[in-house]
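> sequence isn't available, so here's the structure alone:
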């Protein structure tokens, strides 16, 4: 009985870790999609600027350094 509980606890922990690893990827896609949807603008320059801001806001941490905004 003790081995069954340990195996069940291990499987539950493994499931939680596996589910938790997939969340940031989908959250990043949803963030960028929602942000770029709000970038519709008749001026192409302003729309491009908004899209770059969305990439910085929703991208990985090193996106600031890539665009030379606010980085060292």
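Looks like it arrived, so ask away. Here the structure is a predicted model, which is why all the values come from computation and not from measurement.
> show me where the protein has helices.
Taking DSSP state H, the helices of the chain run over residues 2-37, 44-58, 63-67.
> and these, which one is worst for confidence?
Set side by side, the helices of the chain differ in mean pLDDT, and helix 63-67 is lowest with a mean of 50.
> and residue 13, how many neighbours?
Residues near residue 13, counting by other C-beta atoms under 10 Å, number 10. (Each C-beta comes from the backbone N, C-alpha and C, glycine too.)
> ok, now residue 12?
Close neighbours of residue 12, defined as other C-beta under 10 Å, add up to 10.
> cool, and the one 3 residues further on?
One way to gauge burial is a neighbour count; for residue 15, by other C-beta under 10 Å, it gives 10.
> tell me the spacing between it and residue 8.
Taking C-beta to C-beta, to the nearest Å as the criterion, residue 15 is separated from residue 8 by 11 Å.
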